[in-house]
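sequence first, predicted model second:
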Amino acid sequence: MTSAPSSSSSSTEHRFVDIHPVLSDGNDNVNRPRDRQSCNTAVKFRRGSGGGGGDIGRTHPQMSTFSRQISLESGMAVLNMEKKNVKGGSNGNTKEEQRVLLRNGKSLGGLNVAGGDASQRKGDFSIFRTKSTLGARQNSLMPLRKENEPDPNHGEGVPGSTGADDRVNKSVPAGRYFAALRGPELDQVRDYEDILLPKDEVWPFLLRFPIGCFGICLGLGSQAILWGALASSPAMAFLHVSPYINIALWLLALVILVSVSVTYTLKCIFYFEAIRREYFHPVRVNFFFAPWIACMFLAIGTPPRWVPKHLHPAIWCAFIAPVFVLELKIYGQWLSGGKRRLCKVANPSSHLSVVGNFVGAILAAKVGWGEAGKFLWAVGLAHYVCVFVTLYQRLPTNEALPKELHPVYSMFIATPSAASIAWNAIYGEFDAVSTTFYFIALFLYCSLVVRINFFRGFKFSVAWWSYTFPMTTASLATIKYAEAAPCFVSRGLALSLSLMSSTMVSLLFVSTLLHAFVWRSLFPNDLAIAITKSRNGGAKAHGKEKKADRKGYDIKRWAKQSPLSLVSSIRKGNSADKDSEGK
Amino acid sequence: MTSAPSSSSSSTEHRFVDIHPVLSDGNDNVNRPRDRQSCNTAVKFRRGSGGGGGDIGRTHPQMSTFSRQISLESGMAVLNMEKKNVKGGSNGNTKEEQRVLLRNGKSLGGLNVAGGDASQRKGDFSIFRTKSTLGARQNSLMPLRKENEPDPNHGEGVPGSTGADDRVNKSVPAGRYFAALRGPELDQVRDYEDILLPKDEVWPFLLRFPIGCFGICLGLGSQAILWGALASSPAMAFLHVSPYINIALWLLALVILVSVSVTYTLKCIFYFEAIRREYFHPVRVNFFFAPWIACMFLAIGTPPRWVPKHLHPAIWCAFIAPVFVLELKIYGQWLSGGKRRLCKVANPSSHLSVVGNFVGAILAAKVGWGEAGKFLWAVGLAHYVCVFVTLYQRLPTNEALPKELHPVYSMFIATPSAASIAWNAIYGEFDAVSTTFYFIALFLYCSLVVRINFFRGFKFSVAWWSYTFPMTTASLATIKYAEAAPCFVSRGLALSLSLMSSTMVSLLFVSTLLHAFVWRSLFPNDLAIAITKSRNGGAKAHGKEKKADRKGYDIKRWAKQSPLSLVSSIRKGNSADKDSEGK
Amino acid sequence: MTSAPSSSSSSTEHRFVDIHPVLSDGNDNVNRPRDRQSCNTAVKFRRGSGGGGGDIGRTHPQMSTFSRQISLESGMAVLNMEKKNVKGGSNGNTKEEQRVLLRNGKSLGGLNVAGGDASQRKGDFSIFRTKSTLGARQNSLMPLRKENEPDPNHGEGVPGSTGADDRVNKSVPAGRYFAALRGPELDQVRDYEDILLPKDEVWPFLLRFPIGCFGICLGLGSQAILWGALASSPAMAFLHVSPYINIALWLLALVILVSVSVTYTLKCIFYFEAIRREYFHPVRVNFFFAPWIACMFLAIGTPPRWVPKHLHPAIWCAFIAPVFVLELKIYGQWLSGGKRRLCKVANPSSHLSVVGNFVGAILAAKVGWGEAGKFLWAVGLAHYVCVFVTLYQRLPTNEALPKELHPVYSMFIATPSAASIAWNAIYGEFDAVSTTFYFIALFLYCSLVVRINFFRGFKFSVAWWSYTFPMTTASLATIKYAEAAPCFVSRGLALSLSLMSSTMVSLLFVSTLLHAFVWRSLFPNDLAIAITKSRNGGAKAHGKEKKADRKGYDIKRWAKQSPLSLVSSIRKGNSADKDSEGK
């Protein structure tokens, strides 16, 4: 009983040391609703800290919840620390270092606060490394965590990743992305979320290079087609557009597609885990169609003087095969099995996973395989109806649907425009079906244009490029329509829409150049791929022996609280503190 | 302590005065579930009254909750009264006047009980007045309330109302209509809801004149078209229908359209606020399409001898412009932003907002603008699919969908019928598309007809007129079909459907005349537009200083309940009983 | 106080007698979540039994929840028993018989534990008997229960059952099936559910004969058509298929259809209640279309040498009439009224209720009634879009949708295939519409085939037959497509799909024969029709006087529990026992 006061003060000392960084942090995560699991824990710890840290609570009543949270983590940190040191990790940090450790959003939670100091974690991007390149780092933190954690939807992995990697490369559940991210593109981390990588330093370039960069190729490729159509369409002959614009744009698009592809291939080689996380991201997954659609755009937009009348069907096969495989995968996820129900994951960028069919149908018609085009068109139609209705309903389960208008809504225009062009290409005439789809696209275009806050107030990102190709596709469909119904109105519409889309692409091009080379802010840290796999991800990921320890610890703290066992709880609290100090 | 008894007795005196009217009222709002906010309050007050009125509870146990509720409001009334008097409003009512105030559903809650006496509130329809006509009443009750209340979805206002009016003309949230109203047309106020206007007196005629009256023009206009088609269609030539029926009906429809339009324009001028509330009503908003559809019906049904082959396109432009603007607005609400998601607001009358496209397409074909007709048809198709699927799914979020069959379901027939006629009119032949839509309409017709309780057990209202034009449209489509597939069956079907729709219109016409001129019950008080903007709307709308006061009051009552003040609470309870007996 | 020990011991004696059978039962229903209503009851009784049966609880702490549950039922049993005996039922069983009654899942709940002993209940299948055959058993258990129970959705009954039967034949609510059953076909009873019939003995054959048996006729009938098409199609002429295969299969299908129909008619005569329960089953109801679709398959597949070019339209009328009536009923349930919303009951077998339209359209074209075919095709299209979108969305309300892939998903292929064939048959050419639907079916086929776990891990049942006809329909559509687009690929596809479907049918045929004649396990007990009408169905079904009694009983037991009123509770407990015995 004589040692009680001193140890008790040491316990509160730990608590106190951590409190200040948290307070300076703004502490967003205190008043948030938690799920039931963590709520129970919270209640237990609240009581615990209320007893152990009673005099803190009395002197600073507004800090009672803070102390509750911190005491949880510092308590764990104490326990973890011993384990780490026993395992002989490379972290030679002492307690004094830990106490001054800033906890400003770049931690893995309590575990990593203990497990690695700031200097080591600075370069710890290996968790997103391809597993084959990890080599000697196999005993590092991340695989250790993954091993011990069963995954709820392990059947959802990418087709290629089976066997030995499965143990390591578990996917993040779909709901997790919605819980941890926000914004119409799910690209911003919610304030109270920790992420796996440091927020305040620049990540490696490849990690910051998102799949959305293929949007640039989409935008430029469709522009190449547009200027080719403007140059060659009889309806637009009055413009006397030079075919060289088409060639220049096409070459530019080709160059950029090649460089983006090479870069992304490098990312694929070195940071395959990051790509896996992009694949499981409910919005990003649709952008996996973008590379192939961009390729098909280039194939469709090939300058007419360079190609014979029909491209070789092998081109179509090469580009449509990955699209088809992805479709089997993603539409299958919608339809059957797993949590990625359409009513949950549908968002405007889902149009990207449908529009590939129609672009493929156009290319199929271009290579002379009409029946294949009809097949793709039918597949596209069926899923377009589903996506369109689902998005229009805005079901309450559609968590990703933006509250406000956003450039991503321009995706709505892309699919009916492409369907119209594709039908025209396959069946050779701009008949009622083409017209109907074209006018649907036109109405949606109007519907977006009249909303003046459309392109305002949003931060530029590379993903915006993806939102230009719908406008270009609509322009292309208008040109086709102007061919079918040549009159002043249709030609004027085609001209103005083409100008709008070209202007938009030019603006974006300049913007992108400015961001890339002047402000050097084109590729910010790609926070969306670095979310933890579960709320308080790091803290609870330490496996079974951790849980057992924690439970024991809970029980100790809990026991402290009951008035009858005051003496024993103080004694136990002392021994716990002693352990943490005696290590 | 000497002054305490007197003030306490005055407080409880008020309580007593109000109890009796509430009891005689049936008191529907006592046992209702409340939202959490009010529930907490209720609990607090229940305890308060349970302590304060302990012997009341013993002698009249069934009145314990009543006394709870009334004590809340009378308490507020006391507080408000002083404030009002300080503000020097025009209400020279003394406490004695308040005591005899009946509180039978026409109050604004506790606030207005205090703020205006019955004689003044009798004519207080100015809250629905157009703001420009308010003039000197700017310091009246309503604007005062509105000023203090931030609106959650202020972005949803009608396009015309911006700037200075915004402060006053906030819209009622969409969910509020579902919460406060019931019935398939959301035209009945739930029992526990207060409304802003008195229930027991007849409102001004213009306030009772709903937008649904344009349904009469829809019904008569479509009948005019029907009898024109019966007279002129080669398939129905065997009937030898006189073309003068068409002319007579058309003139009648024109007269009624003009009178309804003039009346509604007057309402628009004098009671713009009421129209705003109709616009935000999830069912009524669809009826804003009705005037323009009725105009298009008249244009389509113009007797052939009066018009050349093609009407002038300006007619089409004049009538379709408001429809198109409304569509941009309403479809935009479905798709993006705000709370008026399609999965929430969809109800059978949503077909009205889709059918306008098809009627417009018919008129476009009539004025010779085929491409414009195709555009409207495509827009209609896209949104028809969404509305049809959504309504068929009957999502749990679809709060407005009637539990039982109701005439409003006849709307289901209108859209495919009109789509069929429109396709026929645009493309010049009754081909597979027309046939498909026609047969969908026919099946839905059968599906409704076989349900014998279809037109039974529902109170007549003007809105029923809107439910006749689908039958007429189906008859028209059948006539077109009979032209395309002339046989005994199709002609018989066309004849019988035409007879059914004409019979129904005749019955409604007689009904309407009876209600209008004999029973004088055609325009009951339009309760749906007078709901409060929030549950306990008036009571909680008094702004921040009110909340603070109320909180203080809560705390006082709450403190009463603590066991330390047992004696005082019993004493107060006694005095309350004495007051109630001594009156 | 002297009488207290004796009465208390009598109460616990009852309890004790029942505990052992329950323990031996595995007692699946103890730790399940209950709905709020029963949860409250549980809490009350838990406390009650904890007090009354304290010494049991002390000696066997793990049995506390068991004793809780049993005490509820034994307590009720005591009360019920006297009532039964007063009513003079045929059950002369004494308390001693009840005590040894096994309660292993075949009970009707507490009520029937009291009301009938095991030997009597063994053959008590009369609850599913057609009411007209019940005769002298009118005073038996089941009707007695039903009389006293108001039904929430009594408007949902089958059309034929009105008037006097209504009182007896109330339907099971839709939600009940989802609550009590599981599996993609809702054919397995959840572990914690009681069923009305004994699980451990073989039921009468007719009760075990499900409506799904018509799936055999679907499978064989479609095979007959397929082999007819293989023999006669010019595209498949290179196979030189003998037309006698068609004849043989057709005759086999006819024989099986006749025998299944006769059997099911017998079931209809003797166990109409069982059929009613199949009709209200959300999955089974779709199989009510199967007999008529099978008949239409036979009519379509009639060997060409036996029939003239056109069948007589009367055949079409005879087979489509019940389909049409069912559709009016079921689509009406989706659209309006009742709880069977499409968003709730949609499951892959809903395709069966849509595909009838397309099969009917094919037959209509075969009998020369093209317009009737167009009508059915339009109806089918409208509802196909709804079902397709709803299933693809996988709304959270879709409780019946299987989590994993399952043969039932093959239903997805049937409808577009049939739509394609029907359009071809009606309009005489395999045009864009046919092609589109065909390719949609083909994509869905691919989408299912690539999932390797498709036909694995599921127990064989007769319902599997229903999942073969989609494959056959797809093969047929492919043959039609190969006729329209004759090339190597289309013919190869037609050949391979035909082989796949024939192989599957052969495998199933052998399987069925093995199950039927070797393992004799073709028709297991059809548990899905024997679920109780509500959770703890039997226990709560005793009507109002029972509820009143129970409430009184609850209050008494509740009062027992408070520590301060120990004496009075014991006294009350005594009086309660006395009451129940003296009454």
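All right, it came through fine.

now stretch A:235-252: buried residues?
For stretch A:235-252, burial by neighbour count (16 or more other C-beta atoms under 10 Å in any protein chain shown) applies to A:A235, A:M236, A:V241, A:I245, A:N246, A:I247, A:L249, A:W250. All C-beta spots, glycine's among them, are computed from the backbone N, C-alpha and C.

that stretch near chain B at all?
No - legend: contact between stretch A:235-252 and chain B by C-beta under 8 Å from any C-beta of the partner chain is lacking; minimum distance shown is 14.4 Å.

residues contacting stretch A:307-315, please?
Under the contact criterion C-beta atoms under 8 Å, 6 or more residues apart in numbering or on different chains, stretch A:307-315 has outside partners A:A299, A:T302, A:L363, A:K366, A:V367, A:G368, A:W369.

again, only this time at 10 Å
A:295-296, A:298-300, A:302, A:318, A:363-369, A:372 (C-beta atoms under 10 Å, 6 or more residues apart in numbering or on different chains).

returning to that earlier point: the buried residues of stretch A:235-252 in strands, which ones?
In strands, defined here by DSSP state E, there are no members of these.

in a markdown table, list those residues along with pLDDT.
Shown next, in a markdown table, are the buried residues of stretch A:235-252 (pLDDT from 0 to 100):
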| residue | pLDDT |
| --- | --- |
| A:A235 | 88 |
| A:M236 | 88 |
| A:V241 | 89 |
| A:I245 | 91 |
| A:N246 | 91 |
| A:I247 | 93 |
| A:L249 | 93 |
| A:W250 | 94 |
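
need the residues you listed in CSV (columns: distance to C:S410).
CSV is the format used below for the buried residues of stretch A:235-252 (distance: C-beta to C-beta, whole Å):
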residue, distance to C:S410
A:A235, 47
A:M236, 49
A:V241, 52
A:I245, 51
A:N246, 47
A:I247, 50
A:L249, 47
A:W250, 45
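
which one of those sits closest to chain B?
Nearest to chain B among the buried residues of stretch A:235-252: A:A235, at 14.4 Å, using C-beta to the nearest C-beta.

ok, the closest one touching A:L476?
No - look at A:A235 against A:L476 with C-beta atoms under 10 Å: they stay out of range, at 11.7 Å.

hey, what's in contact with both of those two?
Shared contacts of A:A235 and A:L476, defined by C-beta under 10 Å, 6+ apart, comprise A:A229, A:A494.

only whichever of the contacts of stretch A:307-315 are buried, select them in ChimeraX.
Buried subset of these, written as a ChimeraX selection, criterion 16+ other C-beta under 10 Å:
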select /A:295,296,298,299,300,302,363,364,365,366,367,369,372
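
out of the contacts of stretch A:307-315, which are inside strands?
Going by DSSP E, the strands hold none of the contacts of stretch A:307-315.

restrict the contacts of stretch A:307-315 to those near chain C?
Contacts with chain C within these, counted by C-beta under 10 Å from any C-beta of the partner chain: A:A372.

narrow the contacts of stretch A:307-315 to those in helices?
If you go by DSSP state H, the contacts of stretch A:307-315 have A:C295, A:M296, A:L298, A:A299, A:I300, A:A318, A:L363, A:A364, A:A365, A:K366, A:V367, A:A372 in helices.

quick one: contacts for whichever residue of chain A sits closest to chain C?
Residue of chain A nearest chain C, by C-beta to the nearest C-beta: A:A378 (3.5 Å). Residues near A:A378 by C-beta under 10 Å, 6+ apart: A:357, A:361, C:416, C:420, C:432, C:435-443.

residues in contact with A:P396?
A:C343, B:R341, B:C343, B:K344, B:L395, B:P396, B:T397, C:P396.

residues of the stretch 251-400 of chain A that sit close to chain B?
Near chain B, when you scan the stretch 251-400 of chain A using C-beta under 10 Å from any C-beta, you find A:343, A:348, A:385-386, A:388-398.

taking those residues together, which two end up most distant?
A:V385 and A:P396 (20.9 Å; C-beta to C-beta).

export the ones in helices among the contacts of stretch A:307-315 to CSV and tack on distance to A:L513 and pLDDT?
Formatted as CSV, the ones in helices among the contacts of stretch A:307-315 follow (distance: C-beta to C-beta, whole Å; pLDDT from 0 to 100):
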residue, distance to A:L513, pLDDT
A:C295, 24, 95
A:M296, 26, 95
A:L298, 21, 94
A:A299, 27, 94
A:I300, 26, 93
A:A318, 31, 95
A:L363, 30, 95
A:A364, 35, 95
A:A365, 35, 93
A:K366, 32, 91
A:V367, 35, 92
A:A372, 39, 94
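
nearest to chain B among the residues you listed?
Among the ones in helices among the contacts of stretch A:307-315, and counting by C-beta to the nearest C-beta, the member closest to chain B is A:A365, at 22.0 Å.

so which residues on the stretch 201-350 of chain A come close to chain C?
A:324-325, A:327-329, A:331-344, A:346.

buried only: go through these for me.
By neighbour count, with 16+ other C-beta under 10 Å, these hold A:324, A:327-329, A:331-344, A:346 as buried.

looking at the residues you listed, which are in helices?
Those of those lying in helices (DSSP H): A:F324, A:E327, A:L328, A:K329, A:Y331, A:G332, A:Q333, A:W334, A:L335, A:L342, A:C343, A:K344.

quick one: pLDDT of the second one?
The predicted structure scores A:E327 at 93 on the pLDDT scale.

quick one, what contacts A:P304?
A:P304 sits next to A:G228, A:A231, A:S232, A:P243, A:N246, A:I247 when contact means C-beta under 10 Å, 6+ apart.

which two among these are spaced furthest apart?
Between all members of the contacts of A:P304, the farthest pair (by C-beta to C-beta) comes out as A:S232 and A:I247, at 12.2 Å.

got the domain ranges for chain A?
Domains of chain A are assigned by automatic domain parsing as A:15-141, A:188-529, A:540-582.

average model confidence for whichever helix or strand A:I479 is part of?
A:I479 is part of helix A:469-484, with elements assigned from DSSP states H and E. For helix A:469-484, the mean per-residue pLDDT is 94.

check whether that helix contacts chain B.
Yes - using C-beta under 10 Å from any C-beta, helix A:469-484 reaches chain B at A:Y481, A:A484.
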